[in-house]
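*Asks:* Here is my input; please provide its structure:
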Amino acid sequence: MSRWASEFFGTFTLVLCGGGAIVVGSMYPGMIPHTSVALVFGITVMVMIYSIGDLSGAHINPAVTIGFWLARRMPGRAVLPYLISQFAGATAASYMISRLLPGTLELVTTTPAVSPKLAFCLEALASFILMFVIIHVSQGAREKGIMAGIAIGGTVMLEALVLGPLTGASMNPARSLGPALMSGTLEHLWIYLLAPIIGAALAILSCLLLRNDCCALRSIQEEHS
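*Replies:* Just a heads-up that it's a prediction; the model follows:
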């Protein structure tokens, strides 16, 4: 139960702080520029890794959870509770934003400023890079350690800086689903649900190709030995 509560709280905090930064930046132009919004998302991820990493692994992202499962780093029975907790946390945060700052939730919703095809490719690529970093700095299915938070949070920040104006730089199905459901903006939601999962899966495949000590590779070898 503590793992699920941690994932709920971590995803809630990510959407609330990151989404809040977007809204405040829009309400007070110049006070919170795009660079600061990207920094908020990156720092929030870093803080959550250091605070709940030893409880749940601080996935706070369904694509990351699925990636760890594909890498054989977590059992299949744990995946659905993680996903439910993450989606619930993102939805609760979106609801809170809509109540505290009425009429602003559409600003938090991720929508592409480029073509859907390009947005899909960019989100998949960004998710690939993020999962690539995560799988190489994590221990088992846990994002923990002195440098893990800095590496992962820094990756989120850098990708948000580059892709934020183009796609919203979600890289996270829960971060996109919560605001989309609460605002009713569902037209391009499929991009943000599918692309991060595909990107994360490709990152695990790269781990199989690059590392002899990859968890998934070791499990496959053990099954066939």
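
*Asks:* Run through who's touching stretch 146-165.
*Replies:* 34-35, 37-39, 41-47, 49-50, 53, 113, 122-123, 126, 129-130, 133-134, 137-138, 143, 169, 171 (Cβ atoms under 8 Å, 6 or more residues apart in numbering). In this view, the C-beta of every residue, glycine as well, is placed from N, C-alpha and C.

*Asks:* Extract the C-alpha trace of that stretch and format it as CSV.
*Replies:* Extracted C-alpha coordinates of stretch 146-165, given in CSV (Å, rounded to 0.1, in the frame of the first residue of the first chain):
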residue,chain,number,x,y,z
ILE,A,146,23.1,9.9,-5.1
MET,A,147,23.2,10.7,-8.8
ALA,A,148,19.9,9.1,-10.0
GLY,A,149,17.7,12.1,-9.1
ILE,A,150,20.0,14.6,-10.7
ALA,A,151,20.4,12.6,-13.9
ILE,A,152,16.7,11.8,-14.3
GLY,A,153,15.5,15.3,-13.2
GLY,A,154,18.1,16.9,-15.4
THR,A,155,16.9,14.8,-18.4
VAL,A,156,13.3,15.9,-17.8
MET,A,157,14.3,19.5,-17.6
LEU,A,158,16.5,19.4,-20.7
GLU,A,159,13.8,17.7,-22.8
ALA,A,160,11.1,20.1,-21.5
LEU,A,161,13.3,23.0,-22.5
VAL,A,162,13.6,21.8,-26.1
LEU,A,163,10.2,20.2,-26.7
GLY,A,164,8.0,22.1,-24.4
PRO,A,165,6.9,24.7,-27.1
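
*Asks:* Quick one: mark the members of the contacts of stretch 146-165 that sit in helices.
*Replies:* 34-35, 37-39, 41-47, 49-50, 122-123, 126, 129-130, 133-134, 137 (DSSP state H).

*Asks:* Are we agreed that Ala78 is in a strand?
*Replies:* No. Secondary structure assignment (DSSP: H, G, I helix; E, B strand; the rest coil) places Ala78 in helix, not in a strand.
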